[in-house]
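In: Sequence unavailable; structure follows:
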């Protein structure tokens, strides 16, 4: 049986069933990248939920603490479609080949604005068209000082502002989910902004 010291993913499952599963149901095979894995709770759910779609999940986490990493390894024993990478998310993203692409990228790593937007920008290049980029812990603000001045929300909001012509907002609450779309012309975006309400 899998072993978890905490289960932060269970409350999010209804959100994924509603907003993620329908978006990717037609994809086979399905390629997922998770940045920030901890003990593997969300990874195991994805491995089972998308089993029929030949899902492959690349997990990236530095696993600074040994016990969570050991639990993670025990939890994924027997899953040859879960591929761990023990390194910093930015380092991993910087080493990806240009043709390495994913259908879903889930960002749940350092909850600091600067890291969030950096990882999102690097991830965007490796997200397939119509793919989903998912941010976790959007409103979370329990960081210690001085990092509290730079919560996840600031990084996500900056990304959303910069990439506005290139995504469709699917969901925005505790998690933010966007779908990558063909970029609209900036003029079209401006017309939408300036249209009478």
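Out: Okay, I see it. These numbers come from a predicted model, not from an experiment. Numbering: from 1, shown residues only.
In: distance of the most centrally placed residue in the chain from residue 85?
Out: The centroid of the chain falls nearest to residue 106 when counting by CA atoms, centre = their mean (1.3 Å). According to CB to CB, to the nearest Å, residue 106 and residue 85 sit 14 Å apart. Quick note: C-beta positions are derived from backbone N, CA and C, even for glycine.
In: what do you get for residue 24?
Out: 22 Å.
In: One more: residue 95?
Out: Remark: distance between residue 95 and residue 85 (CB to CB) = 9 Å.
In: Over to residue 155?
Out: From residue 155 to residue 85 the distance is 22 Å (CB to CB).
In: what's near enough to touch the nearest residue to residue 28 once chain neighbours are set aside?
Out: Using CB to CB, 6 or more residues apart in numbering and skipping residues adjacent in sequence, the residue nearest residue 28 is residue 53, 4.6 Å away. Residue 53 is in contact with 24, 25, 27, 28, 29, 30, counting by CB atoms under 8 Å, 6 or more residues apart in numbering.
In: 7 Å - rerun?
Out: By CB atoms under 7 Å, 6 or more residues apart in numbering, residue 53 lies in contact with 27, 28, 29, 30.
In: what's in contact with stretch 158-176?
Out: Applying CB under 7 Å, 6+ apart, the contact partners of stretch 158-176 are 12, 15, 19, 117, 120-121, 124, 134-136, 138-139, 156, 177-181, 183-184, 186, 189.
In: Of those residues, just the buried ones, ChimeraX syntax please.
Out: Here is the ChimeraX command that selects the buried residues among the contacts of stretch 158-176 (16 or more other CB atoms under 10 Å):
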select :12,15,19,117,120,124,134,135,136,138,156,177,178,179,180
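In: Pull out the buried residues from the top strand by length along the chain.
Out: In the chain, assigned by DSSP state E, the strand with the most residues is strand 127-135. Counting neighbours by 16+ other CB under 10 Å, one finds that the buried residues in strand 127-135 are 127, 131, 132, 133, 134, 135.
In: those helices in this protein, which residues are they?
Out: Ranges of helices in the chain, per DSSP state H, are 13-19, 21-24, 41-49, 66-75, 89-95, 113-124, 152-162, 186-194.
In: ok, residue 155 and residue 85, which is more surrounded?
Out: residue 155 (25 against 17; other CB atoms under 10 Å).
In: Apart from its neighbours in sequence, what residue is nearest that one?
Out: In this structure, residue 155 finds its nearest non-sequential neighbour in residue 116, 2.9 Å apart by CB to CB, 6+ apart.
In: can you tell me which residues contact that neighbour?
Out: Contacts of residue 116 by CB under 7 Å, 6+ apart are 107, 152, 155, 156.
In: I'd assumed residue 113 was in contact with the third one.
Out: Spelled out, that is residue 155. Yes. Contact between residue 155 and residue 113 holds when scored by CB atoms under 7 Å: they sit 3.6 Å apart.
In: From residue 117, how far out is residue 158?
Out: 5 Å.
In: shaky segments in the protein?
Out: Residue ranges of the chain with pLDDT under 70: 142-149, 184-197.
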